[in-house]
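In: return atomic coordinates for the entry below.
(2 chains)
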Amino acid sequence: MGEFKVHRVRFFNYVPSGIRCVAYNNQSNRLAVSRTDGTVEIYNLSANYFQEKFFPGHESRATEALCWAEGQRLFSAGLNGEIMEYDLQALNIKYAMDAFGGPIWSMAASPSGSQLLVGCEDGSVKLFQITPDKIQFERNFDRQKSSAVHKMIVDRQYMGVSKRKCIVWGVAFLSDGTIISVDSAGKVQFWDSATGTLVKSHLIANADVQSIAVADQEDSFVVGTAEGTVFHFQLVPVTSNSSEKQWVRTKPFQHHTHDVRTVAHSPTALISGGTDTHLVFRPLMEKVEVKNYDAALRKITFPHRCLISCSKKRQLLLFQFAHHLELWRLGSTVATGKNGDTLPLSKNADHLLHLKTKGPENIICSCISPCGSWIAYSTVSRFFLYRLNYEHDNISLKRVSKMPAFLRSALQILFSEDSTKLFVASNQGALHIVQLSGGSFKHLHAFQPQSGTVEAMCLLAVSPDGNWLAASGTSAGVHVYNVKQLKLHCTVPAYNFPVTAMAIAPNTNNLVIAHSDQQVFEYSIPDKQYTDWSRTVQKQGFHHLWLQRDTPITHISFHPKRPMHILLHDAYMFCIIDKSLPLPNDKTLLYNPFPPTNESDVIRRRTAHAFKISKIYKPLLFMDLLDERTLVAVERPLDDIIAQLPPPIKKKKFGT
Amino acid sequence: MAALEEEFTLSSVVLSAGPEGLLGVEQSDKTDQFLVTDSGRTVILYKVSDQKPLGSWSVKQGQIITCPAVCNFQTGEYVVVHDNKVLRIWNNEDVNLDKVFKATLSAEVYRILSVQGTEPLVLFKEGAVRGLEALLADPQQKIETVISDEEVIKWTKFFVVFRHPVLIFITEKHGNYFAYVQMFNSRILTKYTLLLGQDENSVIKSFTASVDRKFISLMSLSSDGCIYETLIPIRPADPEKNQSLVKSLLLKAVVSGNARNGVALTALDQDHVAVLGSPLAASKECLSVWNIKFQTLQTSKELPQGTSGQLWYYGEHLFMLHGKSLTVIPYKCEVSSLAGALGKLKHSQDPGTHVVSHFVNWETPQGCGLGFQNSEQSRRIKDSEKHIEVEVRKFLALKQTPDFHTVIGDTVTGLLERCKAEPSFYPRNCLMQLIQTHVLSYSLCPDLMEIALKKKDVQLLQLCLQQFPDIPESVTCACLKIFLSIGDDSLQETDVNMESVFDYSINSVHDEKMEEQTEILQNGFNPEEDKCNNCDQELNKKPQDETKESTSCPVVQKRAALLNAILHSAYSETFLLPHLKDIPAQHITLFLKYLYFLYLKCSENATMTLPGIHPPTLNQIMDWICLLLDANFTVVVMMPEAKRLLINLYKLVKSQISVYSELNKIEVSFRELQKLNQEKNNRGLYSIEVLELF
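Out: Next up is the predicted model:
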């Protein structure tokens, strides 16, 4: 099948930001997640938990609260004192409105979804009316003026020696008048709102209980503690067939190592996130009707998009971080070896460049040209293009100034194979083609979105011959443009699940598309139809283990000399699909980690199938072919991430 | 209380009863009227209250009635078979049997069976069964053979259970008996082999059967004079399989085994049977009524003229042939109770009947008075316990019922209710069996442990502790109290499960040798450790005592097993602590000594475990030491005899603390090592490797 030298890169020092808030939307079955750097991500739980959208963060915009209101409108509020609404179509911030109450710590939507309530630093609670295109301040509940009906004094005896004040981290108000509070003393307490009395108290942790979320039915809720534990509480009958019910702590889950800052309760799962950057979906087995793969625990750690680009010609890797880019040159070796050998390096990898962004905004996307002489990246408000000059071992960087006004913000950037063209997907839905020559550039064309749609394009793919450009949004189909004639060539039929990666094969110009439900399609651009192989695959179906993988394919590439091969990877495997071999059926072994021993050729030929899988590299963030015999794999071991997180609450192992 | 009333003779006409007696007495559709078929040619309809015949029908000379006439309750007609194959149907208005409806069948009829509420069934001698209607539609239809050659039908009975006709018949072949149960609606025929038990030579002389929801209770009177009971499930588990049924002894020696005349048995109701036969070989024949629940003779009547050994019972009348005439004895039974059965309930005895004293067959001394009464009563209770035990065992053997759990629960509740009502009733084996089904829990039957505690039944308590997941702390503590306080001698008699105990005494010789090694295997605790101040010196003066103390188990093995059951039980500290305070101080010290001993045993080996199949774990031991000290510290600290123990425990805790602090230290350095190791494994941040994909 092939022997490769693999550049195994572990110096991509990427640490995801901690999760601050999650908000679940029942209508669309989507989950909004905000991170401590202000990034907001949207996960589509119906589409195999794919992270389909994201809004880049901003240094000054620490999100403290996130909520859905008025159906599927998403609002956030944070320490800059602003309430923001997100445009889920154009993937930008619709507006930001100052609440004039100092930093905002909490936000909730009214049950009808027509009003927003925010809690501000100055102690005021402000009510906003949600209008069709904005929000409007309605009234202010001031701390002094409002007469407190009850004051519930939270007992803090447990804190013992420390005289710290007990902080109530979260409350929930149920329709039957019960108030549930979680506090820094490790307690979950039930109060009667009519009398203001404590009904029941559960001491569940030695540390803070930081978050609470109640199910829509109000028969179950979930709390998260600073010890990384998530507790499930359920309203269950006191005895069987009695109508009297009580809240009972039913299940503890320990899927986090650090503080669980936020929890959500979907109808079928408990969702939690926190400082350890994992987003955890714990399905409630009693609510899951079919015991399929959806019933399994899911832990999402890495973004579902590519943060790495690669210059094949110069063997460079460009790493994208929130506020800077790093450029590395890969090392080399002259040695050869057999499978599994680590070869002695004749030259180590070099860190060539550390490019810091200006301003507080996070980088949305970045790209290095295949020739290695251009770097482009974009934030929400600015687009940057740099020209790199290599003179021996020295490298010089020159920013291309005077970017046109329309190139303000890009969602995706791509260079053509010969590095003469730059393709930019702007957040207005337009695709720009820019001609690069020498140190200058020229705007060639802009494909405007079809009238009436504002959907942003998030994924781009260009054919190696430079003739075809494919662009995909979050929901509609993939559009294929003819770059020579500058017109829309065709649209690949829309599919139920979002596209996670796509690429155009050399020579044949077949567009290979991977979807979040793990389906892979091959579409012939010249013929404007799916290829025979793709039809065969659809007819026979993928191996069940292939469909059960829980991370999306994030990158697809091709072998220049082997047109039958498709190279693709997700976070836990790298696969070469050989279209000339028969497809595996559910009875064949999809992944065989052991090399075939002394089996006869006949057996080998008989058991061989199209999917050649390697699970050596994980978590795998990027894998590409540098040349015919060389691969580059970028791994990010979880231990390295944990090592960079603040230490968790220490728990004694011996002798309590 | 069952009673036989004054008998009366029915027959004004002398019946032509042969040596085998009558063919049969059957009910008619009017309550007071009965069809009597003699063994010759005549069928007579009697009105019992008037003691006179209402009608009489005879077959022609040369013909002979082979099957007793029955009444078809659905039409009011009478059916009889003569010459084995000829069926006759007539009604009251008919005079001559020759002229009534006649059907000739293709096979010989054994009996026609008719009960209220369903059509009569015809049972052929070869075992086939047909509904009468279906048979009359085509009298010449082919009748299959069900039973084998030489197999002869001995007895049959027809029931309606939940509107389903069920037919049972017993066959005999070479001294082996088989029971066939035919569900008539579903046409399921199940064959059972009746096992006769030890006495293979006994011949069954008479059968009777009663039916309840699930079982046909088949009672048989054997030639050894005993009545046996066999339970036959109505709905068989597997109708295909030939199943065997075991009989159990119900009543012993009610009639003489080698009576000259025939004996007969008839079930009167759930609890009573009537037995016809001579109680002693020499004596005259008797009709006696027995209560099978309490195994007592209720009443009896001498029949000096002899009988044919046949007995029929319908409604409130017993029919039998006394001498040459058909005698009817009305029978009455009030609800039986233990008091009634024991004669405490005053009832007027009929002057005509007198209890025959030689029926007293229990082996108690014939002395009178209260003692006699008591022993009698306890014996009865024993018998009933045994009976329940047999029933439970039978039920547990069946097991596959879907409502198994609920039935077990109901059974236990029922048994416990009776236990509470009758203090002497304690079906221990039965309860043990039920507990071992693993379906019981404390909350299902809280009374069980309460009663066991009252009875100080440590074996049962141990079993409960092992099996029940939800014993409240107060009960655990009550058990502990009993386990600690029960005398060694009474423990000797019990049969405690010793699984969790290793024979420490055997080991002790071996221990002496081990002792020298303890310094290496100390696992953090060295009893000789000389870091304790003054108090220790006192101890060091008698190091030998200490060695003795630490190597010999302070409690006997059986008690150790019981205490281990406590150690294994689940508890929550808050609820257990208040109850632990109630335990007397010397028991606390004993338990502490035992725990300390276990701890020492634990620390003898490197894995910190005890030998044995299911020993208490180190954590359990430590937790209980802490609990006991928490609850009773002020008491224990004041006791001079506990002083040394406390010092030992103090040292133990001190050594534990130092072990754990060392472990914590090691953990830190271990983590550092791990980190170093990881870095080594990481092979740096960058490498070029060779990958071959197959």
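In: drop to CA atoms for contacts and neighbour counts, all remaining ones
Out: Will do.
In: tell me the phi and psi of B:Gly612?
Out: The phi/psi pair for B:Gly612 (degrees, to the nearest 10) reads phi 110, psi 170.
In: how many neighbours does the residue in the stretch 151-300 of chain A that chain B sits nearest to have?
Out: Closest approach between the stretch 151-300 of chain A and chain B, counting by CA to the nearest CA: A:Thr239, at 11.4 Å. By other CA atoms under 10 Å in any protein chain shown, 10 other residues sit near A:Thr239.
In: distance-wise, check it relative to A:Gln210.
Out: 31 Å (CA to CA, to the nearest Å).
In: just A:Asn510 next, same as before
Out: Separation of A:Asn510 from A:Gln210 (CA to CA): 51 Å.
In: ok, these two, which is more surrounded?
Out: A:Gln210 (26 against 22).
In: surely that one is in a helix?
Out: No - applying DSSP: H, G, I helix; E, B strand; the rest coil, one finds A:Gln210 to be strand, outside a helix.
In: that one contacts A:Thr229, doesn't it?
Out: No - A:Gln210 is not in contact with A:Thr229 according to CA atoms under 8 Å; the separation is 10.6 Å.
In: ok, B:Gln467 to chain A distance?
Out: To chain A, B:Gln467 is 22 Å away according to CA to the nearest CA, to the nearest Å.
In: that residue - nearest residue in space that isn't next to it in sequence?
Out: Using CA to CA, 6 or more residues apart in numbering or on different chains and skipping residues adjacent in sequence, the residue nearest B:Gln467 is B:His438, 6.5 Å away.
In: doesn't that neighbour belong to a strand?
Out: No - remark: B:His438 does not belong to a strand; assigned using three-state DSSP, it is coil.
In: name the helices or strands packed onto the biggest helix by length in chain A?
Out: Counting residues, the longest helix found in chain A (DSSP state H) is helix A:532-540. Secondary-structure packing of helix A:532-540 (3 or more CA pairs under 8 Å, 6 or more residues apart in numbering or on different chains; DSSP states H and E): strand A:520-524.
In: ok and the strand it packs on relative to helix A:532-540, angle-wise?
Out: Angle of strand A:520-524 versus helix A:532-540, following axes from the mean of the first three to the mean of the last three CA atoms, to 10 degrees, is 150 degrees.
In: parallel or antiparallel, list what pairs with strand A:520-524.
Out: Here strand A:520-524 has these sheet partners by DSSP bridges: strand A:510-515 (antiparallel), strand A:529-530 (antiparallel).
In: pLDDT of that strand, averaged?
Out: The pLDDT scores in strand A:520-524 average 94.
In: tell me which residues are up against it.
Out: If you take CA atoms under 8 Å, 6 or more residues apart in numbering or on different chains as the criterion, strand A:520-524 is touched by A:492, A:508-514, A:529-531, A:533-534.
In: can I get the strands paired with strand A:520-524 in TSV including mean pLDDT and distance to A:Val480?
Out: Rendered in TSV, the data for the strands paired with strand A:520-524 read as follows (pLDDT from 0 to 100; distance: least, CA to CA, whole Å):
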stretch	mean pLDDT	distance to A:Val480
strand A:510-515	94	9
strand A:529-530	94	12
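In: what's the closest of the ones you listed to B:Ala421?
Out: Closest to B:Ala421 of these is strand A:510-515 (CA to CA; 73.0 Å).
In: residues in contact with the closest one?
Out: Strand A:510-515 has contacts (CA under 8 Å, 6+ apart) with A:497-505, A:520-525, A:531, A:552-553, A:556.
In: show me the beta-bridge partners of A:Phe4.
Out: Here A:Phe4, judged by DSSP bridges, has bridge partners B:Leu691.
In: surely it is in contact with B:Glu692?
Out: Yes - the pair A:Phe4 / B:Glu692 is scored as a contact, 6.2 Å apart, by CA under 8 Å.
In: more neighbours: which of those two?
Out: For A:Phe4 versus B:Glu692, the count of surrounding residues by other CA under 10 Å is larger for A:Phe4: 21 against 16.
In: show me where the stretch 401-550 of chain B has its strands.
Out: Remark: strands of the stretch 401-550 of chain B are absent; assignment by DSSP state E, counting those that start in this stretch.
In: how about the helices in it?
Out: B:404-421, B:428-435, B:446-455, B:458-467, B:473-485, B:488-493, B:504-517, B:534-541, B:543-551 (DSSP state H, counting those that start in this stretch).
In: and stretch B:556-571, how far from the chain's centre?
Out: Distance of stretch B:556-571 from the chain centroid (CA atoms, centre = their mean, to the nearest Å) equals 30 Å.
In: for the one residue in the stretch 501-650 of chain B that gets nearest to chain A, give me phi and psi.
Out: In the stretch 501-650 of chain B, the residue that lies nearest chain A is B:Asn619 (10.8 Å; CA to the nearest CA). Dihedral pair for B:Asn619: phi -60, psi -40, per degrees, to the nearest 10.
In: can you get me the start-to-end distance on stretch B:146-159?
Out: End-to-end distance (CA to CA), stretch B:146-159: 20 Å.
In: what residues of that stretch count as buried?
Out: B:147, B:151-159 (16 or more other CA atoms under 10 Å in any protein chain shown).
In: do stretch A:637-646 as well
Out: Neighbour-count burial for stretch A:637-646 flags A:637, A:642, A:645 (criterion: 16+ other CA under 10 Å).
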